[in-house]
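S.K.: Just a sequence and a predicted model for now, questions to come.
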Amino acid sequence: MIPATRALPASDTLWAMLTIHDQPLPYVEKLPERPASAVTLVVIHCTELPDLATAREYGERVLYDNGTGASGHYYVDRDGSIYRYVPGTRVANHVRGQNPHSIGIELVNLGRYPNWWDSHHQTMTEPYTAAQIAALRALLAQLRQDFPQLRQIAGHEDLDLARMPASDDPSKEVPRKLDPGPQFPWDAVLKGSGLERISHRP
């Protein structure tokens, strides 16, 4: 499919041109539709997987009775390439309790892979690349234009506070979600974005 290329206002912090590669998931037409005005929140995730190909494989898996699976709307690879798996005018399954009004952006990053819930492997050490963060900032600027009610941003870890038994020791609990994690440069991403970070943390 031919990538969609959109012009953005040129500045010293955002790309002058934003290229989004459309690669819709096989079940995308089964996801509920919504108007652009319904989108008020963007949620930042990391894939916690080794590469984009593996993330795509996970996204294509059918997990629910309606024939859909779990996926973000956009994926940003380590080189800054942006892929759209689900249009923003459809509801993707990416965060508990917030899907109807949010857009999910996944950054390719190892996170805790492959020992997600091992109590001894809860430190996320891979930094996000400069290209990823530049691409993310450009994407957020475009989304602000496309979705006029978009005002808020959160990390997955800010919204899904559930804990679960550790895979190595069920007597211990670990966070279900930690992404995008301590390596994510919130200050740089929020600067000039016009978005307010929200959290469900006490």
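M.R.: Thanks, I have the structure now.

S.K.: Which neighbouring residues are in contact with residue 136, exactly?
M.R.: By Cβ atoms under 8 Å, 6 or more residues apart in numbering, the residues touching residue 136 are 44, 76, 105, 107, 189. Glycine gets a C-beta too; all of them are placed from N, C-alpha and C.

S.K.: Neighbour-wise, which one of those leads?
M.R.: When those are compared by neighbour count (other Cβ atoms under 10 Å), residue 76 ends up highest, at 29 neighbours.

S.K.: doesn't residue 135 make contact with that one?
M.R.: Yes - counting by Cβ atoms under 8 Å, residue 76 touches residue 135, with 5.2 Å between them.

S.K.: Check the contact lists of these two and give me the overlap.
M.R.: Common contact partners of residue 76 and residue 135 (Cβ under 8 Å, 6+ apart): residue 82.

S.K.: Look up how far residue 121 lies from residue 171.
M.R.: With distances taken as Cβ to Cβ, to the nearest Å, residue 171 is found 17 Å from residue 121.

S.K.: And these two? Which one has more around it.
M.R.: Under the criterion of other Cβ under 10 Å, the comparison of residue 171 against residue 121 puts residue 121 first, with 16 against 7.

S.K.: State the distance from the closest residue to that one other than its chain neighbours to residue 167.
M.R.: Of all residues not flanking residue 121 in the chain, residue 115 sits nearest, at 3.8 Å (Cβ to Cβ, 6 or more residues apart in numbering). Residue 115 is 7 Å from residue 167, where distance means Cβ to Cβ.

S.K.: now residue 143
M.R.: Applying Cβ to Cβ, the value for residue 143 to residue 167 is 35 Å.

S.K.: same check, this time on residue 64
M.R.: Residue 64 sits 24 Å away from residue 167, going by Cβ to Cβ.

S.K.: Any regions of this structure where pLDDT drops low?
M.R.: In the predicted model of the chain, residues 1-17 satisfy pLDDT under 70.

S.K.: which stretches of it form helices?
M.R.: With helices called from DSSP state H, the chain shows them at 52-60, 130-146, 156-159, 186-190.

S.K.: Check which helices and strands the first one sits against.
M.R.: Secondary-structure packing of helix 52-60 (3 or more Cβ pairs under 8 Å, 6 or more residues apart in numbering; DSSP states H and E): strand 74-76.
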